[in-house]
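Participant: Here is a sequence with its predicted model. Questions after.
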Amino acid sequence: MCLIAFDHRPGSPVPLRLVANRDEFHHRPTAPLGAWEEVPDIVGGRDLEAGGSWLAVHRRGRLAAVTNVRDPSLRVSADAPSRGLLVKRALECDDLGAWMEALAAGDGWKYAGFNLLAGDGERLWHLHRGRERLVLTRVAPGVHGLSNASLDTPWPKLIAARQGLLTALRRKWPDDALIAMNDDTPADDAHLPDTGVGLELERLLSAPFIVGEQYGTRATTWLTWHGEAGVIELEERRYGPYGHPQGTHRERVALLHRHDSRGPAA
């Protein structure tokens, strides 16, 4: 996952609305949104190469999503585990709070750079693993964005995605948010971040929706968490090379009783 905008409203009838784009090489094998065969209580897309995910939910009442951190100078071991496994482990661990605190205390260094969002609908945390920082924070209520830097870093694509979400919350959810996420217009050069990948690649990656033959946006997902009803709605729209549509799938996940009530103090 490379671009996420979300509205976190703990204590409200809809504690979370989220929209996200997954950018990836088109040749990487992927399973679409659905219940996982060996863990049917997990519902999400699946990376068939490493076994993890970019965004998924668990019927016990958990969500996890991950984005990469774009920093060519960030060094990591060649045998580092896939960052998509963070999503799987966040959903399966017995105590989400203790597990995330262990990551923040040092376990997170073994992964390449990442941002992990994980929560239970009422509480939501962000863990950032950058070149020099490994920081866990409690996400404040409100509208936020996350791309390949850190939470709310004002890259043009993040600003556009967050504005699209704000418009959708005022007018029509999720339609207006999806319009923003499907915008393939690159940012002006003057507003591009400098992440060390060169101007041409910065331009390509600056649009909310990336169009390319080998690499691009492969899925757009929206999610609505209905707290009082105990239901999570998800829809995934899939794309192939050059942004050609490859189908849409929708899930309505009825939540089980939550087993854990603890979380990190951060």
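Facilitator: Great, that's in hand.

Participant: Could you use CA atoms for every contact and neighbour count after this?
Facilitator: Will do.

Participant: Can you tell me, leaving aside adjacent residues, what's nearest to Ala207?
Facilitator: Pro186 (4.4 Å; C-alpha to C-alpha, 6 or more residues apart in numbering).

Participant: mind checking pLDDT for the one you found?
Facilitator: Listed pLDDT for Pro186 reads 97.

Participant: Arg203 is in contact with that one, correct?
Facilitator: Yes: with contact defined as C-alpha atoms under 8 Å, Pro186 reaches Arg203; the gap is 5.8 Å.

Participant: what ranges do the strands span in the stretch 101-250 of the chain?
Facilitator: 114-119, 124-129, 134-138, 142-146, 215-226, 231-239, 245-254 (DSSP state E, counting those that start in this stretch).

Participant: What strands flank the fifth one, and is each parallel or antiparallel?
Facilitator: Here strand 215-226 is paired, per DSSP bridges, with strand 16-25 (antiparallel), strand 231-239 (antiparallel).

Participant: With Asp176 as the reference, name the closest of these.
Facilitator: Distance to Asp176, taken as C-alpha to C-alpha, is lowest for strand 16-25 among the strands paired with strand 215-226, at 10.6 Å.

Participant: tilt between that closest one and strand 124-129?
Facilitator: 30 degrees (axes from the mean of the first three to the mean of the last three C-alpha atoms, to 10 degrees).

Participant: I'd like the mean pLDDT over strand 16-25, please.
Facilitator: For strand 16-25, the per-residue pLDDT averages 98.

Participant: Next secondary structure after it?
Facilitator: Downstream of strand 16-25, the first helix or strand assigned by DSSP states H and E is strand 30-35.

Participant: before we move on, back to that, reformat the strands of the stretch 101-250 of the chain as a markdown table; add mean neighbour count and mean pLDDT.
Facilitator: As requested, these are arranged in a markdown table below (neighbours: other C-alpha atoms under 10 Å; pLDDT from 0 to 100):
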| stretch | mean neighbour count | mean pLDDT |
| --- | --- | --- |
| strand 114-119 | 26 | 98 |
| strand 124-129 | 24 | 97 |
| strand 134-138 | 18 | 97 |
| strand 142-146 | 22 | 98 |
| strand 215-226 | 23 | 98 |
| strand 231-239 | 20 | 98 |
| strand 245-254 | 15 | 98 |
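
Participant: Could you find the closest non-adjacent residue to Ala118?
Facilitator: Nearest non-adjacent residue to Ala118, counting by C-alpha to C-alpha, 6+ apart: Ala64, 4.3 Å away.

Participant: who does the strand or helix carrying the one you found touch, helix- and strand-wise?
Facilitator: Here Ala64 sits within strand 62-68, counting by DSSP H and E. In terms of contacts (3 or more C-alpha pairs under 8 Å, 6 or more residues apart in numbering; DSSP states H and E), strand 62-68 is packed against strand 55-58, helix 84-92, strand 114-119.
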